[in-house]
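# here is my input; please provide its structure:
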Amino acid sequence: MLNQSVTIVGPTASGKTHRAVCIAKAIGGQIISADSRQVYRGMDLGTGKDLEEYEDVPFHLIDVADAGDKYNLHRYLQDFHKVYDGLVKAGVMPVICGGSGMYVENAINGVRLPEVPENNELRAELQDKTLEELTAILADMKTLHNTTDVDTCKRAIRAIEIQKYYLCNPEVASSSDKNICKPLNSLVIGVDIPRDVRRSRITSRLDARLKSGLVDEVRSLIRGGVSPENLIYYGLEYKYVTLHVLGQLTYDEMFKQLETAIHQFAKRQMTWFRGMEKRGTKITWLPYDLPDDDFTQRVLALLQ
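Predicted coordinates for the structure are as follows:
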C-alpha cells in the first residue's frame with residue numbers, strides 16, 4: 001500500500017521543521033505538529049515555534065491550548081486523528097513533524113485513547129505519596145516502558161488513575177490496546193545530526209532566543225495570569241527562565257543549567273527514537289546537512 005503520510009523526526013535543533021516544510025511544498029501537503037509544548041498559545045520563543053519558517057504551508061496543532069493548561073497525550077491523539085483523517089479524506093498528504101517521541105509514536109501507531117474520568121477519591125489517597133512510592137504502585141499495575149509517566153507526581157498519579165480505570169473497565173482498556181490499533185501508513189524519516197553539531201546548535205539557538213526576548217516572554221506570561229508553578233511544570237526553557245525571573249537563579253546560572261538540560265533532553269529524544277526502531281517502527285535516517293533539494297528528492301523517491 002502506498003504511504004498516506006510522511007513523518008519527520010529528530011532531536012531538537014536538527015532542522016526537522018525546515019525539512020518538513022520543504023517536503024510539504026513538494027507534495028502539496030500540510031504539516032501536523034507533534035510537539036508537546038508548541039500547542040500552547042503565547043509560549044513562542046521557549047518552544048521554538050519559528051512560525052515564519054512555515055511560509056505559506058498550512059500547519060496544525062500549534063496554538064491550540066491556553067498557556068497554563070495541561071494538554072496531554074489523550075487530547076493530542078483526539079486532535080491529531082481529527083486533523084489527519086480530515087486531510088487524508090480531502091486528498092492532502094499529512095507531514096507529521098515533531099520531537100515529542102511519545103506523541104509521534106502513539107499517533108503513527110494509530111492509538112486512540114478512550115476518555116478516562118478523574119477519580120478524586122484515588123487522587124486524595126495518593127496525594128501524599130512520594131514519586132518513588134507512586135512509581136512502585138504503577139510498576140505493579142503495568143510494565144513501565146519509559147519514564148514519561150513517572151517524571152512528576154502529578155503524571156504518576158494520573159497514570160495510576162488510568163490503569164485503575166482500565167482494570168475496572170476491561171472493555172474500555174481493550175480499545176486502547178496497541179494490538180488492535182491500526183498503524184498509519186506513514187514513511188518515517190529521521191534527521192541524523194552528529195552529537196557535537198547538535199550541541200553547538202543548541203547553545204547558539206538558546207543564546208539567540210534569550211537575546212530575542214525569552215525572559216520578557218516569561219514575564220509576560222506571568223503577568224497574564226499563568227502561575228510560575230505551571231511554567232516550571234512545562235520544564236526546560238520555562239522552568240529555568242521562570243526561576244531566573246523569580247530571583248532564584250542568576251542569568252549565568254540559568255543559562256548554564258538550561259543549556260545542560262536541553263542537551264540531556266536531546267539525548268532522551270534520540271533514546272526514544274532508537275526505542276521506536278526496536279519496537280518495530282522503521283525510520284530512514286538522512287544526513288542533516290544534505291542540500292534541501294537532495295533531502296526532498298530522497299524522501300520523494302522513498303514515497304514511490
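# in the stretch 101-250 of the chain, what spans have low per-residue confidence?
Residue ranges of the stretch 101-250 of the chain with pLDDT under 70: 145-151, 172-180.
# strands of that one, start to end?
Under the criterion DSSP state E, counting those that start in this stretch, the stretch 101-250 of the chain contains strands at 186-192.
# which residue, other than its chain neighbours, is closest to the residue nearest the centre of the chain?
With distances taken as C-alpha atoms, centre = their mean, Ser100 lies nearest the centre of the chain, 2.5 Å away. Nearest residue to Ser100, sequence neighbours excluded (C-beta to C-beta, 6 or more residues apart in numbering): Ser36, at 4.2 Å. Using the backbone N, CA and C atoms, a C-beta is placed for each residue, glycine as well.
# got the contact list for the one you found?
Tyr71, Tyr76, Ser100, Met102, Tyr103 (C-beta atoms under 8 Å, 6 or more residues apart in numbering).
# which two among the residues you listed are spaced furthest apart?
Farthest apart among those by C-beta to C-beta are Tyr71 and Met102. That separation is 12.6 Å.
# ok so, going back, redo the contacts of Ser36 as JSON lines? Include distance to Ile193.
Below are the contacts of Ser36 laid out as JSON lines (distance: C-beta to C-beta, whole Å):
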{"residue": "Tyr71", "distance to Ile193": "27"}
{"residue": "Tyr76", "distance to Ile193": "25"}
{"residue": "Ser100", "distance to Ile193": "17"}
{"residue": "Met102", "distance to Ile193": "21"}
{"residue": "Tyr103", "distance to Ile193": "20"}
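# before we move on, the earlier item: do you know how far the residue nearest to Ser100 is from Ala139?
Using C-beta to C-beta, to the nearest Å, Ser36 is found at 24 Å from Ala139.
# also Glu229?
27 Å.
# then Asp69?
The spacing between Asp69 and Ala139, counted by C-beta to C-beta, is 29 Å.
# who's more crowded, those two?
The neighbour comparison of Asp69 against Ala139 (other C-beta atoms under 10 Å) goes to Asp69, with 14 against 11.
# tell me if I am right that Thr7 is in a strand.
Yes - assessed by DSSP: H, G, I helix; E, B strand; the rest coil, Thr7 belongs to a strand.
# so who does it touch?
Taking C-beta under 8 Å, 6+ apart, one finds Ala34, Val95, Ile96, Cys97, Val104, Ile108, Ser186, Leu187, Val188, Ile189 in contact with Thr7.
# ok, so of these, who is nearest Arg223?
Using C-beta to C-beta, the contacts of Thr7 come closest to Arg223 at Ala34, 30.3 Å.
# just give the nearest non-adjacent residue to Ile96, would you?
Thr7 (4.2 Å).
# pretty sure Ile31 sits against Cys22.
No - with contacts counted by C-beta atoms under 8 Å, Ile31 stays clear of Cys22, the gap being 10.9 Å.
# so between the two, which is more surrounded?
For Ile31 versus Cys22, the count of surrounding residues by other C-beta under 10 Å is larger for Ile31: 24 against 17.
# that one - that's part of a strand, no?
Yes - counting by three-state DSSP, Ile31 falls inside a strand.
# for it, list each beta-bridge partner.
Counting by DSSP bridges, Ile31 is bridged to Phe59, Val95.
# for it, give me its contacts.
Per C-beta under 8 Å, 6+ apart, neighbours of Ile31: Ala20, Val21, Ala24, Tyr54, Val57, Pro58, Phe59, His60, Pro94, Val95, Ile96, Cys97.
# per-residue pLDDT, it?
Looking at Ile31, its pLDDT reads 98.
# next: the one 5 residues further on.
Predicted confidence (pLDDT) at Ser36: the value is 95.
# checking it next. Helix, strand or coil?
Applying three-state DSSP: Ser36 is coil.
# just the helices in the stretch 51-200 of the chain please.
73-89, 101-108, 120-126, 131-141, 153-168, 170-175, 195-211 (DSSP state H, counting those that start in this stretch).
# so what touches the second one?
Right, helix 101-108. For helix 101-108, using C-beta under 8 Å, 6+ apart, the contacting residues are 7, 9, 34-36, 73, 76-77, 80-81, 84, 96, 98, 113, 146, 148, 183-184, 186, 188, 269, 272-273, 275-276, 279, 281.
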